[in-house]
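*Asks:* Return a 3D structure for these sequence lines:
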Amino acid sequence: MEGTAVSSVNTIAAFFQNGGLFMWIILFIWAVGLAIGLERFFKLSFKFDVDGASFMNELRRYIMANDVEGASRVCSGSNAALPKVLRSGLERASAKPEQIQNAIDATALEVIPKVELRLNYLQLIANISTLFGLLGTIQGLIASFAAVAAADPTQKAELLAKGISQAMNTTFLGLLVAITIMIIHSFLSSKSEKIINEIDEYSVKLMDILSTEESKQ
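*Replies:* Okay, the predicted model is just below:
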């Protein structure tokens, strides 16, 4: 077991050593992408997200019982994006519909950029890792051609193998990083889109409930 672990570490070390400088650059880019992805995952999953349907049903019960202040307190008890937006509307519940809508829109414009924050960096990181992999590939091929053209015949095979190894290793790592970061970006984008769609949907529903209750009075 220990021997297998040591062998695996040696293989990885040789993989990076043969790949050259671009391997470490791509590894650094990967670490940055994973750090951004992890931070966004916790924010989108545990801070900004909420079960929109259940939350809206709870607010509806308060509003239909003519307890708008109670509904506002429920919103104040959560740091998620949807409650923050809906609370701004509830705080203007006695105002004109246009004023309520303006309050909701203003808060949504404040909240949505925080939900989408840094997601575009993940796309950039995926593209950059691919390009650095390509740069490493070109560098390795240049070294291979130089070996074939100018090296001593006894060293040609070794230098050619080294150049091809560098080219293949950087290509592999660059594509691996790009694929993993793209998967993370896709997952986080769907989480972000779900939160934003719920803000749009339940803001309209809140306006409808408030206008219905106002017409009854």
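*Asks:* pLDDT weak spots in this protein?
*Replies:* 1-3, 5-7, 149-154, 156, 213-217 (pLDDT under 70).
*Asks:* which stretches of it form helices?
*Replies:* For the chain, the helices defined by DSSP state H cover 2-19, 21-42, 52-64, 68-76, 81-90, 97-116, 119-150, 153-216.
*Asks:* What does R118 show for phi and psi?
*Replies:* For R118, the backbone dihedrals are phi 70, psi 0 (criterion: degrees, to the nearest 10).
*Asks:* Now it. Nearest residue, chain neighbours left out?
*Replies:* Nearest residue to R118, sequence neighbours excluded (CB to CB, 6 or more residues apart in numbering): I36, at 5.4 Å. C-beta: built from backbone N, CA, C; applies to glycine.
*Asks:* residue contacts, that neighbour?
*Replies:* 118, 121-122, 125 (CB atoms under 8 Å, 6 or more residues apart in numbering).
*Asks:* filter those to the buried ones?
*Replies:* In the contacts of I36, burial by neighbour count holds for 121-122, 125, counting by 16 or more other CB atoms under 10 Å.
*Asks:* Run a quick neighbour tally on Q139.
*Replies:* When neighbours are counted by other CB atoms under 10 Å, Q139 registers 18.
*Asks:* give the contact list for it.
*Replies:* The contact partners of Q139, by CB under 8 Å, 6+ apart, come to 20, 22, 166-167, 170.
*Asks:* do you know how far it is from I12?
*Replies:* Q139 is 21 Å from I12, where distance means CB to CB, to the nearest Å.
*Asks:* what does E58 give?
*Replies:* Taken as CB to CB, the span from E58 to I12 is 51 Å.
*Asks:* So between those two, which is more surrounded?
*Replies:* Shown here are E58 and I12; by other CB under 10 Å, E58 has more neighbours (15 against 10).
*Asks:* For the more buried one, list the residues it contacts.
*Replies:* E58 neighbours (CB under 8 Å, 6+ apart): V74.
*Asks:* Can you tell me how far it is from V50?
*Replies:* Distance, E58 to V50, by CB to CB: 11 Å.
*Asks:* cool, and K96?
*Replies:* For K96, the distance to V50 equals 28 Å [CB to CB].
*Asks:* quick one, which of these two is more surrounded?
*Replies:* With neighbours defined as other CB under 10 Å, K96 and V50 compare such that V50 has more, 17 against 10.
*Asks:* count of neighbours near the residue nearest to L141 when sequence neighbours are not counted?
*Replies:* Spatially, and ignoring its direct neighbours in sequence, L141 is nearest to A167 (5.3 Å; CB to CB, 6+ apart). By other CB under 10 Å, 23 other residues sit near A167.
*Asks:* And T170, by the same measure?
*Replies:* Per other CB under 10 Å, the neighbour tally for T170 reads 27.
*Asks:* so who does the nearest residue to it once chain neighbours are set aside touch?
*Replies:* Excluding the flanking residues, the one nearest T170 by CB to CB, 6+ apart is G136, at 2.5 Å. Shown in contact with G136 (CB under 8 Å, 6+ apart): 19-20, 22-23, 26, 166-167, 169-171, 174.
*Asks:* Farthest-apart pair in the residues you listed, please.
*Replies:* Using CB to CB, the pair of these lying farthest apart is I26 and A167, separated by 13.4 Å.
*Asks:* Appreciated, that's everything.
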